[in-house]
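J.: Sequence first, then the predicted structure:
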Amino acid sequence: MPFEIDVLDVGNADAIILRYIDDKKQEHVVLIDAGNVGDGTKIINHINKYTNKKSIDLAILTHPDDDHIGGFFEVVENVHIKQFWIHDPAKNLKTTKLMLESSGRDYFEKSIHNLYESLTGAKNLLGEIDKKGIKRDVQPFAGISAKDLGIPLTVVGPSRDHYQKLLRGFRGIDKLAESLVNENLKNTEEFLEKAEKINQQFRIFKTNDYSKENNSSVLLLFEPRPGKKFLFCADVGPSSLKLAMEEYNLENLRWLKVPHHGSKYNLTEKLIDKLDPDFAYISCAADLQYPNREIVGYLSTKGCKVFATCECGDLMLAMGMPDRENYVNATPLKINN
């Protein structure tokens with residue numbers, strides 16, 4: 001079936017638009033992450049210019065880092081979205097919730113709201129989604145599929161159990177819970193004031209490449225035809241990618257969205273050998289850290305054509321779709337010895 005994958009040039013951030021035409025000639029639009037605050041305008045303009053419906057069937061937040069969540073606030077406000085796939089920390093923090101409830105407190109929902117803000121460095125996206133009445137009853141855990149929406153897209157990681165284990169380590173979340181439980185706080189106001197002070201300790205915007213937040217990234221497999229596999233990796237690290245590969249056949253990819261801007265920490269040679277993509281796209285800003293020349297070099301030696309937004313600008317991969325005016329063939333990256 002015809003489709004387009006657009007990896008927008010948003011620096012060291014992710015904003016990807018998948019446009020798919022099913023066998024009934026119906027158009028489906030999927031937005032995977034929305035870059036930083038300020039990138040929403042570019043996404044909205046792209047959807048208005050290059051889609052027929054000018055709306056989003058499915059929006060997906062892979063994980064709540066600022067370079068993936070930031071643009072969603074503007075998009076949610078200005079574009080009609082039918083359904084949103086997003087992890088809800090309040091529904092998955094079982095251990096922390098039990099700790100708080102065992103202390104005789106009934107403030108969990110309010111305190112977790114503060115915690116979610118501290119993790120993202122932005123206001124509560126879940127609240128904005130709910131204000132708009134966007135359906136979000138599906139959380140993107142392994143096995144969830146968009147086939148009922150007419151889109152051959154499947155979540156291949158993380159599992160719910162793996163996500164919950166990772167979530168406990170998000171920027172010291174257990175320390176936050178323990179601190180709140182152990183405090184002898186007299187009322188809700190005092191509790192929330194203390195929670196916000198502790199939250200400030202974990203207001204970290206840039207995490208390391210193999211952080212638990214990154215490893216919680218939603219892994220998405222798009223398979224428009226049997227055996228033609230396109231893998232969206234967000235910022236996933238090797239440990240979570242390995243788990244997904246144990247459960248799903250992710251070998252011999254047609255296309256790979258390279259995780260975390262081409263970082264050297266998020267792929268290994270063994271993983272590249274198994275994934276064996278024909279094409280790889282990197283969303284990055286060409287700084288001293290990204291994209292890593294060793295990762296680009298090894299992908300290239302495997303016969304993979306590697307492209308990066310820092311060199312090419314907006315990247316598109318299309319099959320069976322009309323040509324776009326002013327779009328030209330991109331040049332693969334070359335690593336000079």
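T.: That came through fine.
J.: for the stretch 101-250 of the chain, which spans come out with low pLDDT?
T.: The stretch 101-250 of the chain contains residues with pLDDT under 70 at 101-123, 168-192, 194-211.
J.: now with 50?
T.: The stretch 101-250 of the chain contains residues with pLDDT under 50 at 102-105, 107, 109, 113-114, 116-123, 202-208.
J.: wait, is Ile272 part of a helix?
T.: Yes - the assignment for Ile272 by DSSP: H, G, I helix; E, B strand; the rest coil puts it in a helix.
J.: now the residue nearest the centre of the chain, nearest residue through space, not along the chain?
T.: Against the mean C-alpha coordinate of the chain, by C-alpha atoms, centre = their mean, the closest residue is Thr62 at 2.3 Å. Of all residues beyond its chain neighbours, the one nearest Thr62 is Ala234 (3.6 Å), with distances taken as C-beta to C-beta, 6 or more residues apart in numbering. (Glycine included, C-beta is placed from N, CA and C.)
J.: what number of residues lie near Gln83?
T.: Residues contacting Gln83 under the criterion other C-beta atoms under 10 Å number 17.
J.: what do you get for the one 3 residues further on?
T.: The number of residues packed near Ile86 is 22, by other C-beta under 10 Å.
J.: Now for Val296: which residues touch it?
T.: By C-beta atoms under 8 Å, 6 or more residues apart in numbering, Val296 lies in contact with 262, 282, 306, 308, 333, 335.
J.: For it, give its distance to Thr331.
T.: Separation of Val296 from Thr331 (C-beta to C-beta, to the nearest Å): 13 Å.
J.: same deal with Gly70?
T.: 29 Å.
J.: neighbour count winner among those two?
T.: Comparing Gly70 with Thr331 by other C-beta under 10 Å, the one with more neighbours is Gly70, at 24 against 10.
J.: How far away from the center of its chain is stretch 264-278?
T.: On the basis of C-alpha atoms, centre = their mean, to the nearest Å, stretch 264-278 sits 19 Å off its chain's mean C-alpha point.
J.: Can you show me the CA trace of that stretch as CSV?
T.: C-alpha atoms of stretch 264-278 as CSV (Å, rounded to 0.1, in the frame of the first residue of the first chain):
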residue,chain,number,x,y,z
LYS,A,264,27.0,5.7,20.1
TYR,A,265,25.3,4.3,23.2
ASN,A,266,22.0,3.2,21.7
LEU,A,267,23.1,0.7,19.1
THR,A,268,25.7,-2.0,19.1
GLU,A,269,27.4,-3.8,16.2
LYS,A,270,25.6,-7.0,17.1
LEU,A,271,22.2,-5.3,17.1
ILE,A,272,23.0,-3.6,13.7
ASP,A,273,24.0,-7.0,12.3
LYS,A,274,20.6,-8.5,13.3
LEU,A,275,18.5,-5.5,12.3
ASP,A,276,20.4,-5.2,9.0
PRO,A,277,18.5,-2.2,7.6
ASP,A,278,18.6,-1.2,3.9
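J.: which residues touch that stretch?
T.: With C-beta under 8 Å, 6+ apart, stretch 264-278 has contacts from 208-210, 214, 231, 233, 235-238, 241-242, 245, 250-256, 258-260, 292, 294-295, 298-299, 302-305.
J.: Now do stretch 259-270, average pLDDT.
T.: Averaging pLDDT along stretch 259-270 gives 94.
J.: Straight-line length of that stretch, end to end?
T.: End-to-end distance for stretch 259-270: 15 Å, by C-alpha to C-alpha, to the nearest Å.
J.: go on, stretch 63-78?
T.: 22 Å.
J.: would you list every one of the helices in this structure?
T.: 40-50, 66-69, 72-78, 94-102, 108-120, 125-131, 160-167, 173-182, 188-201, 212-215, 238-247, 269-275, 293-301, 309-312 (DSSP state H).
J.: Show me the beta-bridge partners of Leu317.
T.: Per DSSP bridges, the residues bridged to Leu317 are Ile5.
J.: so it touches Leu18, yeah?
T.: No - applying C-beta atoms under 8 Å as the test, Leu317 and Leu18 come out as separate, 10.0 Å apart.
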